[in-house]
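Q: pasting the sequence and the predicted coordinates here, then a few questions.
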Amino acid sequence: MSASQSRVIEFSDNHLLALLVGPQDRNLQYIEEALGVIMSLRGNCITLEGDSIQVVYAEKAVLYLYEQLKKRQSIGISELDHALQLTIRQVTANQSDDSDSMLLDQGSEISIVTKRRIVFPRNPHQTDYVQAMQANELVFGIGPAGTGKTYLAVAQAVSLLLEGKIDRIILSRPAVEAGERLGFLPGDLKEKVDPYLRPLYDALHDLLPAEQVIKHLSSGVIEVAPLAFMRGRTLSHAFVILDEAQNATAMQMKMLLTRLGPHSRMVVNGDLTQIDLPGGVMSGLRHAMQVLHAVSDIPFIVFDDNDVVRHPLVAKIVKAYNAYDQKGNESRG
């Protein structure tokens, strides 16, 4: 263990400082428990005490979070976890000499502006993904759960809608669990597919006021539709998001990709480790990767376990499952 150290950080904006520490200093307590340091607030200063390396981590995480608040980014558990992971990753990579500037500049140039928040990419792959969506009409996002694929795609769609660059958002997902036999489920079409599109709804409500989400859903500006119902349409002036694309068949994938009309954009997201198709049926996402990998202007952004931005335990779970599957494959080989 390295020597103990004490540092004092002074802040110029007391309002942002209050948001930084959180109600009843909960954010400081969270960082304390995560890093094993002691943090105390007095006036407009935060004092850090503890192991010198952990104090460095805490200081850089606090400064990063303060800069995010300046950009109107809110702070919750996921933001705290991200700040800690980013700090530790950069300092551990022997970047401590420049890590202040690196942390404070992270995502400063690349952002997605929505009604309720400004969304910044949190790692290099997310940055590549956002840049790809902003520059291309068709983008594939491939990787494990929790890497932000769906959330960032919805944020980009909402941003373009607010700017008037598209007229509508179309959210789609294969309804594999229902075997595409949606008539057996109760309710109208929206009620039938709602359970499969819940992550997309959650993202919408995080980015737009609730009344606007309801209004746009009622007017058709935001449309939800199972993949099976997209056949025969031409999707113009729209932002189309296909989520859970690993559960589309090759025929369905080709059908959707050829629906892309004038002034439209499409994002196709999926996780090839979570294929629920019947045995012997090839994933349309895997097939598209093989067919389209050499086509220019169609970027494939591949995320990995290190890009998980949910609770830190999610990253550990993903890694554990991947290690287990790899071990099983080796034993079978």
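A: Ah, there it is.
Q: contacts and neighbour counts: CA atoms only from here.
A: Fine.
Q: per the annotation, how does the protein divide into domains?
A: The chain breaks down into these domains under the TED database: 4-95, 112-309.
Q: can you give me the strands in the stretch 101-250 of the chain?
A: For the stretch 101-250 of the chain, the strands defined by DSSP state E, counting those that start in this stretch cover 112-113, 118-119, 138-142, 168-173, 222-226, 238-242.
Q: least confident of the ones you listed, on average?
A: For those, the bottom mean pLDDT is recorded on strand 118-119, which sits at a mean of 78.
Q: just how off-centre is it within its chain?
A: Mean-position distance between strand 118-119 and its chain equals 11 Å (C-alpha atoms, centre = their mean, to the nearest Å).
Q: elements contacting that strand?
A: Contacts defined by 3 or more C-alpha pairs under 8 Å, 6 or more residues apart in numbering; DSSP states H and E place strand 118-119 against strand 112-113.
Q: neighbours of residue 264, how many?
A: 21 (other C-alpha atoms under 10 Å).
Q: was I right about it contacting residue 234?
A: No: with contact defined as C-alpha atoms under 8 Å, residue 264 and residue 234 do not form a contacting pair (10.0 Å).
Q: where does pLDDT dip in the stretch 51-200 of the chain?
A: 92-109, 176-196 (pLDDT under 70).
Q: right, I mislabeled it, should have said the stretch 201-333 of the chain
A: 310-312, 314-315, 329-333.
Q: rewinding a little: between the strands of the stretch 101-250 of the chain, which one is closest to residue 276.
A: Residue 276 sits nearest to strand 168-173 of all these, at 12.8 Å, using C-alpha to C-alpha.
Q: partner strands of the closest one and their direction?
A: Under the criterion DSSP bridges, strand 168-173 sits next to strand 222-226 (parallel), strand 238-242 (parallel) in its sheet.
Q: now what about it, what contacts it?
A: Here strand 168-173 makes contact (C-alpha atoms under 8 Å, 6 or more residues apart in numbering) with 157-158, 161, 196-197, 200, 220-227, 237-245.
Q: using CSV, list the CA coordinates for it.
A: Output of strand 168-173 as CSV, limited to C-alpha atoms (Å, rounded to 0.1, in the frame of the first residue of the first chain):
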residue,chain,number,x,y,z
ARG,A,168,-40.4,10.4,-37.3
ILE,A,169,-38.7,7.7,-35.2
ILE,A,170,-39.5,4.0,-35.9
LEU,A,171,-38.5,1.5,-33.1
SER,A,172,-38.5,-2.1,-34.0
ARG,A,173,-37.5,-5.4,-32.5
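Q: need the strands paired with strand 168-173 in CSV (columns: mean neighbour count and distance to residue 66).
A: Supplementary listing: those in CSV, determined by neighbours: other C-alpha atoms under 10 Å; distance: least, C-alpha to C-alpha, whole Å:
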stretch, mean neighbour count, distance to residue 66
strand 222-226, 20, 34
strand 238-242, 26, 33
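Q: for the ones you listed, give me TSV that also has distance to residue 48.
A: Output for the strands paired with strand 168-173, formatted as TSV (distance: least, C-alpha to C-alpha, whole Å):
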stretch	distance to residue 48
strand 222-226	47
strand 238-242	44
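Q: for the residue nearest the centre of the chain, which non-adjacent residue is spatially closest?
A: In the chain, the centroid-proximal residue (C-alpha atoms, centre = their mean) is residue 148; its distance is 1.5 Å. Nearest residue to residue 148, sequence neighbours excluded (C-alpha to C-alpha, 6 or more residues apart in numbering): residue 309, at 6.9 Å.
Q: residues near that neighbour, how many?
A: Neighbours around residue 309, by other C-alpha under 10 Å: 20.
Q: can you give me the helices in the stretch 101-250 of the chain?
A: Listed in chain order, the helices of the stretch 101-250 of the chain (DSSP state H, counting those that start in this stretch) span 124-135, 149-163, 189-207, 210-219, 250-257.
Q: deepest-packed of the ones you listed, please.
A: Of these, the one with the most neighbours on average (mean count of other C-alpha atoms under 10 Å) is helix 149-163, at a mean of 22.
Q: what distance separates it from the middle of the whole chain?
A: On C-alpha atoms, centre = their mean, the centre of helix 149-163 falls 11 Å from that of its chain.
Q: helices or strands next to that helix in the packing?
A: Applying 3+ C-alpha pairs under 8 Å, 6+ apart, we find helix 149-163 packed against strand 112-113, helix 124-135, strand 168-173, helix 189-207, strand 238-242, strand 265-270.
Q: looking at those, spot the one closest to residue 300.
A: Judged by C-alpha to C-alpha, the one of the helices and strands packed on helix 149-163 that comes nearest to residue 300 is helix 124-135, at 8.6 Å.
Q: got the phi and psi for the residue nearest to the centre of the chain?
A: Recorded main-chain torsions at residue 148 are phi 90, psi 10, according to degrees, to the nearest 10.
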